[in-house]
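K.L.:
I would like the atomic coordinates for the input below:
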Amino acid sequence: MKSEEFFRTIGNNADIFQNFPSGLSKLPSRYHINIKPEIKPFRLVKYFAVTSFIVLIAVSFPFVLFISQGAKDILTKDYFEDYRNMIGENLNNQFWNYFAMPVANVYGQIELGNESQQKLLDETIKFAIRGSNIELVKLHSPLDGMVVYSTDPKFFKEKTVETPEYKKAVNGESSSFLITEGKDLWGEIGKIGGEKKVRAYIPVTQWVASDEEENETDNEDNEPIVIGVFEVTLDMTEQYNSILKLQYFIFGVSFFIMVLIFFALLFIVHNAEEIIQKRAAEQKALEEQLHLAERLAALGQMVAGVSHEIKNPLGIIQSTAELLAGMNQADERQKRLSLVIKEESIRLNNVVAEFLDFARPYELNIQECRLDEIIRKNISFLSQELDKKGIKVKDNFEGRELKIHADPERLYRVFMNLILNSIQAIEESGEIRIMIHEEKDVYLIVLEDTGTGIEKETMKKIFNPFFTTKEKGSGLGLSIVRNIIEGHEGTISIESDDGAGARVIIRLPRRK
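P.N.:
Purely as a prediction, here's the structure:
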């Protein structure tokens, strides 16, 4: 490629380098690089939080309901059956010992229509249920099909309603069922409050011998016959509500455990997403570095080719200008123009040298040196510029020997570039602070200034090659700085707020 072609390409695509790397799309097709579009990240925590919450509620609520309802049913059945059997046994004992046997001895047979027998039965039953939660006792006669006794006289001689529970009692099996007010608000989960009653049907049994000679018959051969049925209504509100409270407690504890499981899973997934995002960010950064390296390689080949073509004519132009200025026949005007040509050729030669430094690979001359001496040499060289603008330099490495294994010439260029940038950013008197902190196997170098700072949009492109906000400059300074730092296996970053100065943070390994 000839130098004319290079300048023609630059002239026709000047915005390429001002908007690097996006401007590279305008380069000839042989320099194009395909870059994948950015994919929106998958929000794992948000997705999991919504779906898992719905799934846990859908699964855990019926499960918890089943457990709590099962516990309630078991407690209700066991408690009410035991209590009913105890009441039935007591009533049967009281009935036979204090009513049936005395009446049989006195009257020969039981006739509940007899006022005296009715009174004795009433006293016996009320004595048996004293201090208990029994509200009502009825005695049904299966033969007569009516109520032959009731603690409430209004039910006396009432016709018997043959419910399934009553029929079980007639067949010798006790049974009971719960009477509640209205419908439960929670369906299967009971509602605390209101009256809860149990209606029990208890058979009144008499044991008779199956053989004619009763004295010779064992108790195992005796068969019970049902001569009556006790209908007992018990107020079980307090006991039932206690069981319901236990049901609610089981429900609450189970649901709380489900919530804990949910948050534990959420915590795990949140950490997993952070790890995934971190690795994705690292992968993205590596891909960006790879794409940048590919772009720079393509651009470097072009720059290196034309730079060599430019340097030879520049040398001739510079020598010719010096020759013309030194001729005896040259007047003042010719000498002045020759001097301008010489100065501009020198400046252009420096730009070409920067192009070559940026484009060509180089090897570091690693040796033991002192970081503090390198920075002090820069400050000493730039002392006139610093004094001219009234800029003070502060550091924290007085009396310290900051030894490092590095390329001193390259590091000298790094800090020369950075300090020059700070000087140019400070419009009037200001301050540059250079602080070096020793970490494990690493030097942390922080360079701060009180300049105008860097705009947010500029920060995104500050390391891009050929990007500059200065009227004069190649835009390669910070790109070369980063290449040198990364060549030392270090890192560099820049922080700034517009109008509040800038901070450059460098980490360099000591390379012991």
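K.L.:
what packs against the longest helix along the chain?
P.N.:
Looking across the chain with DSSP state H, the single longest helix is helix 237-326. Using 3 or more CB pairs under 8 Å, 6 or more residues apart in numbering; DSSP states H and E, the elements in contact with helix 237-326 are helix 3-12, helix 44-95, strand 196-208, helix 332-359. Quick note: C-beta positions are derived from backbone N, CA and C, even for glycine.
K.L.:
Give me the mean pLDDT for it.
P.N.:
The predicted model gives helix 237-326 an average pLDDT of 77.
K.L.:
Please compute how far it lies from its chain's middle.
P.N.:
Its chain's average C-alpha position is 17 Å from that of helix 237-326, according to CA atoms, centre = their mean, to the nearest Å.
K.L.:
Same question for stretch 135-155.
P.N.:
With CA atoms, centre = their mean as the basis, stretch 135-155 stands 68 Å off its chain's centre.
K.L.:
What of stretch 365-372?
P.N.:
Put simply, stretch 365-372 sits 46 Å off its chain's centre (CA atoms, centre = their mean).
K.L.:
Residues in contact with it: which ones?
P.N.:
Stretch 365-372 is contacted by residues 395, 397, 400-411, 436, 443, 445, 508, 511 when judged by CB atoms under 8 Å, 6 or more residues apart in numbering.
K.L.:
Also stretch 105-118?
P.N.:
Stretch 105-118 has contacts (CB under 8 Å, 6+ apart) with 99-100, 103-104, 121, 139, 141, 148-149.
K.L.:
now swap in stretch 438-447 and tell me
P.N.:
With CB under 8 Å, 6+ apart as the criterion, stretch 438-447 contacts 371, 402, 404, 415, 418-419, 422, 432-437, 503-510, 512.
K.L.:
So which bits of that stretch are buried?
P.N.:
Going by neighbour count (16 or more other CB atoms under 10 Å), the buried part of stretch 438-447 is 443, 445, 447.
K.L.:
Confirm that the last one sits in a strand.
P.N.:
Put plainly, it is Leu447. Yes. Leu447 forms part of a strand when assessed by DSSP: H, G, I helix; E, B strand; the rest coil.
K.L.:
How about the secondary structure of the closest residue to it other than its chain neighbours?
P.N.:
Using CB to CB, 6 or more residues apart in numbering and skipping the chain neighbours, the partner closest in space to Leu447 is Val504 (4.4 Å). Look at Val504: counting by three-state DSSP, its state is strand.
K.L.:
ok so, going back, possible to save the buried residues of stretch 438-447 as a markdown table with pLDDT and distance to Thr163?
P.N.:
Output for these, formatted as a markdown table (pLDDT from 0 to 100; distance: CB to CB, whole Å):
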| residue | pLDDT | distance to Thr163 |
| --- | --- | --- |
| Tyr443 | 93 | 94 |
| Ile445 | 93 | 95 |
| Leu447 | 93 | 96 |
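K.L.:
Just the closest of those to Glu344, please.
P.N.:
Lowest distance from Glu344 to the buried residues of stretch 438-447 (CB to CB) belongs to Leu447, with 32.2 Å.
K.L.:
who's that closest one bridged to?
P.N.:
Note on Leu447: beta-bridge partners Ile434, Val504, judged by DSSP bridges.
K.L.:
returning to that earlier point: show me which of the contacts of stretch 105-118 are buried.
P.N.:
The neighbour-count test (16+ other CB under 10 Å) applied to the contacts of stretch 105-118 identifies 99-100, 103, 121, 139, 141, 148-149 as buried.
K.L.:
Out of those, flag the one nearest to Leu266.
P.N.:
For those, the minimum distance to Leu266 (CB to CB) is 63.4 Å, reached by Leu139.
K.L.:
for the closest one, phi and psi?
P.N.:
Phi and psi for Leu139, reported as degrees, to the nearest 10, are phi -120, psi 110.
K.L.:
what are the bridge partners for it, then?
P.N.:
Tyr149, Phe230.
K.L.:
residues contacting the residue nearest to Leu447?
P.N.:
418, 445-448, 492-494.
K.L.:
out of the residues you listed, what pair is the most spread apart?
P.N.:
The span of those, defined through CB to CB, is set by Glu448 and Ile492 at 14.2 Å.
K.L.:
Centre-most residue in this protein?
P.N.:
Nearest to the mean C-alpha position of the chain, by CA atoms, centre = their mean, lies His270 at 3.1 Å.
K.L.:
Tell me how far that residue lies from Pro313.
P.N.:
Applying CB to CB, to the nearest Å, the value for His270 to Pro313 is 63 Å.
K.L.:
same question, Ile257
P.N.:
Separation of Ile257 from Pro313 (CB to CB): 83 Å.
K.L.:
Please, which helix or strand holds Leu120?
P.N.:
Per DSSP states H and E: Leu120 is located in helix 115-128.
K.L.:
how many neighbours does the residue lying closest to Ala425 once chain neighbours are set aside have?
P.N.:
What sits nearest to Ala425 in space, not counting adjacent residues and going by CB to CB, 6+ apart, is Gly451, at 2.8 Å. For Gly451, the neighbour count with other CB atoms under 10 Å is 22.
K.L.:
per-residue confidence for Gly451?
P.N.:
86.
K.L.:
And Trp207, by the same measure?
P.N.:
pLDDT recorded at Trp207 is 62.
K.L.:
what does Thr468 give?
P.N.:
Per-residue confidence (pLDDT) for Thr468: 74.
K.L.:
leaving aside the residues next to it on the chain, what's closest to it?
P.N.:
The shortest distance from Thr468 to any non-neighbouring residue, by CB to CB, 6+ apart, is to Gly475 (3.6 Å).
K.L.:
so how far is Ala500 from the one you found?
P.N.:
24 Å.
K.L.:
do the same with Phe249
P.N.:
Distance of Phe249 to Ala500, given as CB to CB: 60 Å.
K.L.:
before we move on, what about Gly145?
P.N.:
According to CB to CB, Gly145 and Ala500 sit 102 Å apart.
K.L.:
How about the contacts made by the residue nearest to Ala425?
P.N.:
Each residue near Gly451 by CB under 8 Å, 6+ apart is listed here: 422, 424-427, 430, 501-502.
K.L.:
Report the buried members of the residues you listed.
P.N.:
Buried among those (16+ other CB under 10 Å): 422, 425-426, 430, 501-502.
K.L.:
Just these: which are in strands?
P.N.:
Among the buried ones among the contacts of Gly451, the ones falling in strands (DSSP state E) are 430, 502.
K.L.:
neighbours around the residue nearest to Glu385 when sequence neighbours are not counted, how many?
P.N.:
Leaving aside its chain neighbours, Glu385 sits nearest to Ile423 (5.5 Å; criterion: CB to CB, 6+ apart). Residues lying near Ile423 (other CB under 10 Å) number 19.
K.L.:
Repeat that for Ile202.
P.N.:
Per other CB under 10 Å, the neighbour tally for Ile202 reads 24.
K.L.:
My guess is it contacts Ala169. True?
P.N.:
Yes. The pair Ile202 / Ala169 is scored as a contact, 6.4 Å apart, by CB atoms under 8 Å.
K.L.:
Give me the common contacts of these two.
P.N.:
229-230.
K.L.:
May I see the buried residues of stretch 389-398?
P.N.:
Under the neighbour-count criterion of 16+ other CB under 10 Å, stretch 389-398 has 391, 393, 395, 397 buried.
K.L.:
if I pick the residue nearest to the third one when sequence neighbours are not counted, what's in contact with it?
P.N.:
Looking back up the chat, that one is Asp395. Spatial nearest neighbour of Asp395, excluding adjacent residues (CB to CB, 6+ apart): Ile434 at 4.6 Å. With contact taken as CB under 8 Å, 6+ apart, Ile434 is in contact with 375, 393-397, 445-447.
K.L.:
hmm, try it at 7 Å
P.N.:
For Ile434, the contact set (CB atoms under 7 Å, 6 or more residues apart in numbering) comprises 375, 393, 395, 447.
K.L.:
next one: Ala58
P.N.:
Counting by CB under 7 Å, 6+ apart, Ala58 has no contacts.
K.L.:
Backbone dihedrals for the residue nearest to Ile125 when sequence neighbours are not counted, please?
P.N.:
Closest residue to Ile125 apart from its sequence neighbours, by CB to CB, 6+ apart: Val137 at 5.4 Å. Dihedral pair for Val137: phi -130, psi 130, per degrees, to the nearest 10.
K.L.:
Thanks a lot, see you next time.
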